[in-house]
Every structure is written in structure tokens, then in C-alpha cells.
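# missing the sequence, but the structure's below:
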């Protein structure tokens with residue numbers, strides 16, 4: 001069975017991912033296990049899994065260097081970015097290449113027993 005990831009993203013950033021303006025998902029820390037797919041959980045008020053992308057890799061560097069490398073497709077403002085990574089030595093940018101958006105978003109409470117929205121991410125076995 002393949003191991004996948006479910007990440008929480010605010011709805012305004014999910015929209016930027018779907019419309020192609022955000023091709024990097026920024027994180028303060030990165031997951032440790034190898035995963036095949038990353039599912040996108042759009043947080044409140046949506047509370048739905050809206051799609052996924054195949055995991056290809058991430059960038060790791062200082063926040064300043066990551067911003068310079070990704071600014072064209074960051075999907076967020078410079079102020080939001082640096083506020084999020086305030087006082088962090090490392091920044092991570094997960095690459096979003098091939099995005100698959102569900103026609104009908106998934107209610108995670110119907111697919112995952114005892115679902116609790118992840119603060120950052122959670123591993124999931126198999127496909128949703």
C-alpha cells in the first residue's frame with residue numbers, strides 16, 4: 001500500500017494553487033517519510049479535501065533564498081511569507097507540479113475514521 005500525505009492549507013491559498021499562481025507550498029518543517037501523493041485539505045470554512053498532486057520533491061534553504069527562487073509562483077505576498085517564517089533558519093517549498101482537482105471535494109469525515117484536521121500534515125495509507 002502506498003503512503004500519502006494530507007496537508008492543511010487555508011482556502012485563499014488553495015484557490016491560488018488551483019488557479020496556477022501558487023506552485024509552491026511553504027512549510028516551516030518537512031515530513032520525513034517518502035510519499036507518493038499529497039492531498040490538499042482546505043481548512044475552515046471549507047473543511048474538504050479538494051484534490052492532490054504527485055509528490056516530486058521540495059526545496060530547502062534560508063527563507064530569503066527560497067523566496068527569491070519561488071516568488072514568481074509563490075501565490076502569497078512577501079509580507080505573508082516572511083511573517084510565516086519569522087525567525088526560522090530554514091524554509092521548505094514543496095513543489096506542486098501536476099495538480100488533480102476533484103469534481104466533488106471529499107468530506108474527510110466520510111473517508112477517514114476519527115478524522116481530525118492536521119495542524120500541518122498527516123500521513124494516510126492508500127488513496128482517498
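Received it, and whenever you're ready, just let me know what you need. Worth saying up front: this structure is predicted, and the values here are computed from it rather than measured.

# what is the mean pLDDT for the one helix or strand residue 110 maps to?
Applying DSSP states H and E as the criterion places residue 110 in helix 108-111. On average, the pLDDT along helix 108-111 is 93.

# show me where pLDDT drops low in this protein?
By pLDDT under 70, the low-scoring segments of the chain are 1.

# picking that back up, which elements pack onto the helix holding residue 110?
Using 3 or more CB pairs under 8 Å, 6 or more residues apart in numbering; DSSP states H and E, the elements in contact with helix 108-111 are strand 48-54. For glycine as for every other residue, the C-beta is placed from the backbone atoms N, C-alpha and C.

# buried set for the strand it packs on?
By 16 or more other CB atoms under 10 Å, the buried positions in strand 48-54 come out as 48-53.

# check stretch 29-42 too.
Residues 31, 35, 37-42 are the ones in stretch 29-42 that count as buried (16+ other CB under 10 Å).

# just these: which are in strands?
Judged by DSSP state E, strands contain the following of the buried residues of stretch 29-42: 37-42.

# before we move on, back to that, of the buried residues of stretch 29-42, closest to residue 15?
Distances from residue 15 to those, taken as CB to CB, are shortest for residue 42 (8.8 Å).

# what's the burial count for the nearest residue to the closest one once chain neighbours are set aside?
Closest residue to residue 42 apart from its sequence neighbours, by CB to CB, 6 or more residues apart in numbering: residue 14 at 4.4 Å. Burial of residue 14 is recorded as 23 neighbouring residues (other CB atoms under 10 Å).

# which helix or strand contains residue 14?
Assigned by DSSP H and E, residue 14 belongs to helix 11-18.

# quick one on the thing from earlier: which residues does the helix holding residue 110 contact?
Here helix 108-111 makes contact (CB atoms under 8 Å, 6 or more residues apart in numbering) with 6, 41, 47-49, 115, 117, 128.

# repeat that for stretch 97-106.
17-18, 23, 42, 46, 48-54, 56, 128.

# nearest to residue 107 among the residues you listed?
For the contacts of stretch 97-106, the nearest to residue 107 is residue 48 (6.3 Å; CB to CB).

# correct me if wrong: that closest one contacts residue 39.
No - if you go by CB atoms under 8 Å, residue 48 and residue 39 don't touch, sitting 10.7 Å apart.
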